[in-house]
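Student: all I have is the shape, not the residue letters:
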């Protein structure tokens, strides 16, 4: 109440509406895995959660998909069609494509390394830990984690479940290793159940099998093991054709040389190490081999020779890169006066020079500077060697097989957006998927859905005639827990808990009296009433769906009030999915 001293007109505003619960976005996945690039515009992306809105934005920041490994190619195309094996080393990019094709919304990407690195548990743990500082993500998935061994994969999944339970606002979607042994359909599932542990199982769900997809792949000769030996064994008449001033054989040789350059740059990480290791161990001169002063990195051109020895020797590189590369080094060598106090400044300037900086991201170097040349050579092969053209068509028709977490996360988002988080993300057809990589018998399906021993349910994706490939499971890993058996129940309660927690932040340090208790109760009841109206809670009347208690001698004792505690009890009746449909048919006698 203001103190009136000066004559005049005073206006008082009195709020008439109670505080409102503002809902968070229930479906913002975070995909953790390996990407083509780990930096963008000279900004480090490694272990830095980055929000993206589309696959195009992902490509502009992180790059494209990893190359394929293709084996089993022979001179007999019919035999190749049967035996060729297509393997993708990394799955994050392809999983993201399927995620958006199945209804995905803006999500977070956590890059834990670049391609050509070996997936490790510590990489995934670091990426997962980086998300602790972000409030938005509500779903975790790790498509590339299937490259870990069974023990490490289990440790990662246990860590994910523990984090979801600790933070209280997240849920995990798990893949496990693909089972290629048709005579032992449940081997991978049994291993997964053994390694996942028994803690916080309601905060995750697992899906099987892997999926056959329709994603288009840019297959090149570099992806096909033994392709050049096969081509070089073809008819000399074909190979000696003159194309653009050179024989097809010469084009093949130049293509091989160029690929050799690319592969050496990608697999030999020494160049990358020059830029990642030198600033710590050389430029600083306080650690590493030069710390004791016994070695001078500039003596006998040690640094420069260590860099120059990685310059590729192919004609392409020698023509377009070597002169500029060596000229840059020579310029900095000439300008260096030999003053030891200038070493750090000098080396940093060298490493950050425009020419040297182009080597920092090998994947970007390959894609930006060599892609046009590769495309040109590839077109020569495709247009002038009939065998090669037919082979590429066969391989492109072979379906890429991917783990299911990406499209499943898309279905979660689509269901949340269209119907609500309380609707089970099941009985939904998957887009860009033509089938499953593994079929299960009825007995197998029973064993996957209901684990009589530990209750670790696994949701099965099934190919159903006339309906497509369907997600046909809605159980958490706590399949024997009556409270937390179903995914929509667990996620709805996470959703309500988080919305309530955030919206009650204004209550902290308010007077803990009857007026506050009434406001809090009214705020939560209004929110739950809206959920009931939208079909999130069961019951024909609100009082059958929820009840909020808050007050002295109800949820609090006098000691609670003295200790500054405000206790609120919320009783809910969440909707549960109709998992089993039972039709009872009885024959009756003809009456007339």
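Tutor: Great, that's in hand. All of these numbers come straight from a predicted model, not from anything done at the bench. Numbering: from 1, shown residues only.

Student: separation between residue 252 and residue 122?
Tutor: Counting by Cβ to Cβ, to the nearest Å, the gap between residue 252 and residue 122 amounts to 42 Å. All C-beta spots, glycine's among them, are computed from the backbone N, C-alpha and C.

Student: what does the helix or strand residue 520 falls within contact?
Tutor: Using DSSP states H and E, the element containing residue 520 is helix 514-533. For helix 514-533, the surrounding residues in contact (Cβ atoms under 8 Å, 6 or more residues apart in numbering) are 18-21, 496, 499-500, 503-504, 507, 510, 537, 539, 542, 545-546, 548-552, 566, 568, 570, 572.

Student: low-confidence ranges in the stretch 151-300 of the chain?
Tutor: The model of the stretch 151-300 of the chain has pLDDT under 70 over residues 180-185, 232-245, 261-300.

Student: switch to 50 and redo it
Tutor: Scanning the stretch 151-300 of the chain for pLDDT under 50 picks out 267-288, 290-291, 298, 300.

Student: for residue 460, which three-state class applies?
Tutor: strand (DSSP: H, G, I helix; E, B strand; the rest coil).

Student: residues in contact with it?
Tutor: 207, 208, 209, 440, 445, 448, 449, 472, 473.

Student: about what we covered before: how far does the helix holding residue 520 sit from the chain's center?
Tutor: Distance, stretch centre to chain centre, for helix 514-533: 38 Å (Cα atoms, centre = their mean, to the nearest Å).

Student: so for that helix, mean pLDDT?
Tutor: What helix 514-533 shows for mean pLDDT is 93.

Student: okay, buried residues for that helix please.
Tutor: Using 16 or more other Cβ atoms under 10 Å as the test for burial, helix 514-533 gives 517, 519, 520, 521, 523, 524, 525, 527, 528, 531, 532.

Student: equivalent analysis for stretch 502-509, please.
Tutor: By 16+ other Cβ under 10 Å, the buried positions in stretch 502-509 come out as 503, 504, 507.

Student: start and end of that stretch, how far apart?
Tutor: 15 Å (Cα to Cα, to the nearest Å).

Student: who touches that stretch?
Tutor: 19, 20, 21, 22, 24, 516, 520, 523, 527, 566.

Student: do that again at 7 Å, thanks
Tutor: If you take Cβ atoms under 7 Å, 6 or more residues apart in numbering as the criterion, stretch 502-509 is touched by 19, 21, 22, 24, 516, 520, 566.

Student: and stretch 75-90, by the same measure?
Tutor: 33-34, 66, 68-74, 94, 115, 144, 230, 233, 390-391, 394-395, 398, 400.

Student: the same query, at a cut-off of 6 Å, please.
Tutor: If you take Cβ atoms under 6 Å, 6 or more residues apart in numbering as the criterion, stretch 75-90 is touched by 34, 66, 68-74, 144, 230, 390, 394, 398.

Student: in three-state terms, label residue 23 for me.
Tutor: coil.

Student: excluding chain neighbours, what is closest to it?
Tutor: Once flanking residues are discounted, residue 23 sits nearest to residue 499: 5.3 Å by Cβ to Cβ, 6 or more residues apart in numbering.

Student: just give me the neighbour total for the one you found.
Tutor: 19 (other Cβ atoms under 10 Å).

Student: how about the contacts made by it?
Tutor: Counting by Cβ under 6 Å, 6+ apart, residue 499 touches 21, 23, 24.

Student: quick check, pLDDT for residue 455.
Tutor: For residue 455, pLDDT reads 88.

Student: quick one: secondary structure of it?
Tutor: Going by three-state DSSP: residue 455 is coil.

Student: what does it show for phi and psi?
Tutor: phi 80, psi 20 (degrees, to the nearest 10).

Student: before we move on, what about residue 471?
Tutor: Dihedral angles (degrees, to the nearest 10) for residue 471: phi -80, psi 110.

Student: same question, residue 86
Tutor: Main-chain dihedrals, residue 86, degrees, to the nearest 10: phi -110, psi 120.

Student: what count of nearby residues applies to it?
Tutor: Residue 86 has 19 neighbours, counted by other Cβ under 10 Å.

Student: look up how far residue 542 lies from it.
Tutor: Residue 86 is 56 Å from residue 542, by Cβ to Cβ.

Student: who wins for neighbours among the contacts of residue 460?
Tutor: residue 208 (29 neighbours).

Student: what angle sits between the helix or strand hosting the residue nearest to residue 23 and helix 514-533?
Tutor: In the assignment (DSSP H and E), residue 499 maps to helix 487-503. Angle, helix 487-503 to helix 514-533, by axes from the mean of the first three to the mean of the last three Cα atoms, to 10 degrees: 150 degrees.

Student: adjust the sequence numbering to begin at 4 for everything that follows.
Tutor: All right, first residue 4 from here; so that's helix 490-506.

Student: name the residues of helix 490-506 that are buried.
Tutor: In helix 490-506, counting by 16+ other Cβ under 10 Å, buried: 490-499, 501-503, 506.

Student: try stretch 78-93
Tutor: For stretch 78-93, the buried set under the neighbour-count rule, 16+ other Cβ under 10 Å, comprises 83, 84, 87, 89, 91, 92, 93.

Student: ok, so what distance separates the last one from residue 208?
Tutor: From residue 93 over to residue 208 the distance is 23 Å, taken as Cβ to Cβ.

Student: quick one: low-confidence residue ranges for the stretch 304-453 of the chain.
Tutor: Ranges of the stretch 304-453 of the chain meeting pLDDT under 50: 343, 358, 361, 363-367, 369-370.

Student: now the strands for it?
Tutor: 403-405, 431-432, 436-439 (DSSP state E, counting those that start in this stretch).

Student: which residues does the longest one contact?
Tutor: It refers to strand 436-439. By Cβ under 6 Å, 6+ apart, the residues outside strand 436-439 that reach it are 212, 214, 215, 216, 217, 464, 466, 472.

Student: can you list the strands that it pairs with?
Tutor: Strand 436-439 sits in its sheet next to strand 214-216 (antiparallel), going by DSSP bridges.

Student: the partner strand: how far from the chain's middle?
Tutor: 17 Å.

Student: which parts of stretch 579-590 are buried?
Tutor: For stretch 579-590, burial by neighbour count (16+ other Cβ under 10 Å) applies to residue 580.

Student: what's it in contact with?
Tutor: So stretch 579-590 is contacted by 427, 477, 489 (Cβ under 6 Å, 6+ apart).

Student: report the buried residues of the helix or strand harbouring residue 155.
Tutor: Here residue 155 sits within helix 153-170, counting by DSSP H and E. Within helix 153-170, the residues that qualify as buried are 155-164, 166-167, 170, counting by 16+ other Cβ under 10 Å.

Student: and after that helix, which helix or strand comes next?
Tutor: Taking DSSP H and E, what comes next after helix 153-170 is strand 174-177.

Student: could you name the helices and strands sitting against that next one?
Tutor: strand 142-144, helix 153-170, strand 207-211, helix 408-421 (3 or more Cβ pairs under 6 Å, 6 or more residues apart in numbering; DSSP states H and E).

Student: with that, I have no additional questions.
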